[in-house]
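Undergrad: structure for this input, please:
(one chain, ligands or ions: 1)
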Amino acid sequence: MINKIPQSIEDFQNGLKNKSFSAVDLVGTYLSRIEKYDKDLNSFITISKEKAYEDAKRTDRIINEKGQKAFEEYPLLGVVISYKDIYLTKGIRTTAASKVLEGYIPEYSGTVVKRLEEAGSIMIGKTNCDAWAHGSSGENSDFGPTKNPWNKNYIPGGSSSGSGVAVAADFSLAAMATDTCGSIRLPANYCGVVGLKPTYGSVSRYGVIAMASSLDSIGHITHTVSDSQKIFECTKGVDGKDSTLKNSQNFIVGQNLKIGIPKEFFEGGLDNEVEKSIEEARKVFEKLNIEFVEITLPSTKYAISTYYIIQPAEVSSNLGRFDGIRYGNDRNFFGDEAKRRIMLGTFVLSSGYYDAYYSKAMKIRTIIIKEVEKAFEKVDAIMAPVAPTPPFKLGEKVSDPLKMYLTDIFAATANLSGIPSLAIPSGLTKNKLPLGFQLMGKKFEEDTLFHLGKMYQNKTNFHGNKPQGY
Ligand code: GLN
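TA: I've put the predicted structure just below:
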């Protein structure tokens, strides 16, 4: 058992290099922590214990054979990662947190899982999430809700609820997740950890169960921005399987960076503590000579209605393949939220309503894209809240889907326009619940976000805050 759990890839690998611990020790420590604490938090659906030990033994063997060189060959050697349960993992059950796929064991792993394995990482298990990634709170899982380790009466944020909790509660060093409208950034924000939603088209969707294909982004959750960058370097780039992918050019971050503050994100309804925390973060950047300018994204108010037309339309098509013949159980096993989205999506695409809803939403999406492009003529990044409030209580919004949907109001812009966004923790509320902000960037310019995020984390230690009792 390791007493002090390493909090970054660097600490992790230094420990392995110095032989302070072995990969088998690390895996054993995480597994016993999961066993001890996760009964309550419910962040995992499946633990891949056997595979984790196999991978750990292999890691220790490689280190013994190759020494330091092993870490050059395998950039993520020994790094323990968990995966949202919508990543297909060969031979390991993948459920999408739905009873439809309760016993489904994939024949293959997707691009990202393979790339991370080739980089030397260790898979520890599959994390809980809202079924089919539909949700903002983690309560819509057929395997029970996940709870926030900062306070078990509160939601951890969704849909990648288990991935946020797994990192915050030290059940894995990093966790893979997906963001179709905030599902990486929101749980990262609500659990006090870092979440990256990459540019649409930078990381392969191959082998990840599709939610809304024009919006799905494949990213991850970590403690530090630096780790986020290291994982992104291993996952990004063309794979010959996802036709939306493009290799980004090596990007050199400019000098005299400017951050835009979109005034529409701060108008009415924003929680006081969230707003204050962002002001404080702004001051940290200003001390580092980053200039702030006010910008405008006038169509922000339409983003959520636009998203909740386009997304169910795509969901209604994507969930068509789960017909009980090809995969898993029959369609009666879909939960209420999936059924709601299938019906909404079918409606907005149906003859007579297509023009009034789907086609109009696509036009507004184009306007939002143009507004974002215009804003980026003036600034290198945009700073905004991730959500209008801090974490809310379990049960508070479950019976009111519209209220739940409004949680995503500040997340939608990045997904509708395809830009990257990085969520970073920035403190705690009076009640000791995490606060944070997001930095959105130009397409394929994640490096600017990493640069700014690292500057911020070098000056602050909010990422060092830990929930008590774990
Ligand atoms: N909360 C949003 C929804 O319910 C987004 C989910 C996601 O990003 N996967 O659709």
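Undergrad: for the rest of this, base every contact and every neighbour count on C-alpha atoms.
TA: OK.
Undergrad: thinking Lys258 is in contact with Phe376, fair?
TA: No: in this structure, Lys258 is not within contact of Phe376 by CA atoms under 8 Å, at 9.8 Å.
Undergrad: element containing Leu215?
TA: Using DSSP states H and E, Leu215 is not contained in any helix or strand.
Undergrad: that one: how many residues sit nearby?
TA: 23 (other CA atoms under 10 Å).
Undergrad: how about the contacts made by the closest residue to Ile295 other than its chain neighbours?
TA: If the residues on either side of it in the chain are set aside, Ile295 comes closest to Pro262, at 4.8 Å by CA to CA, 6 or more residues apart in numbering. Residues near Pro262 by CA atoms under 8 Å, 6 or more residues apart in numbering: Glu294, Ile295, Thr296, Leu297, Ile382, Met383, Ala384.
Undergrad: from Asn461, how far out is the closest residue to the last one other than its chain neighbours?
TA: Meaning Ala384. Of all residues not flanking Ala384 in the chain, Gln438 sits nearest, at 5.4 Å (CA to CA, 6+ apart). Distance, Gln438 to Asn461, by CA to CA, to the nearest Å: 17 Å.
Undergrad: check Phe265 too.
TA: 26 Å.
Undergrad: and the pLDDT at Ile252?
TA: Note on Ile252: pLDDT of 78.
Undergrad: how many residues are close by the residue nearest to Ala384?
TA: 28.
Undergrad: same check on Ser359?
TA: Count around Ser359 with other CA under 10 Å applied: 16.
Undergrad: please tell me how far it sits from Tyr74.
TA: Ser359 is 47 Å from Tyr74, by CA to CA.
Undergrad: before we move on, back to that, who has more neighbours out of Phe265 and Asn461?
TA: Phe265 (22 against 12).
Undergrad: what's the more buried one sitting at in phi/psi?
TA: phi -80, psi -10 (degrees, to the nearest 10).
Undergrad: quick one: residues contacting it.
TA: Thr300, Ala384, Pro385, Phe410.
Undergrad: can you check the pLDDT for it?
TA: On the pLDDT scale, Phe265 gets 95.
Undergrad: which stretches of the stretch 51-200 of the chain form strands?
TA: In the stretch 51-200 of the chain, the strands defined using DSSP state E, counting those that start in this stretch lie at 80-84, 122-127, 174-179, 194-197.
Undergrad: same list, those, but as JSON lines with distance to Lys236, mean neighbour count and mean pLDDT please.
TA: What follows is the strands of the stretch 51-200 of the chain, written out as JSON lines (distance: least, CA to CA, whole Å; neighbours: other CA atoms under 10 Å; pLDDT from 0 to 100):
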{"stretch": "strand 80-84", "distance to Lys236": "16", "mean neighbour count": "28", "mean pLDDT": "98"}
{"stretch": "strand 122-127", "distance to Lys236": "19", "mean neighbour count": "29", "mean pLDDT": "98"}
{"stretch": "strand 174-179", "distance to Lys236": "13", "mean neighbour count": "30", "mean pLDDT": "98"}
{"stretch": "strand 194-197", "distance to Lys236": "12", "mean neighbour count": "33", "mean pLDDT": "98"}
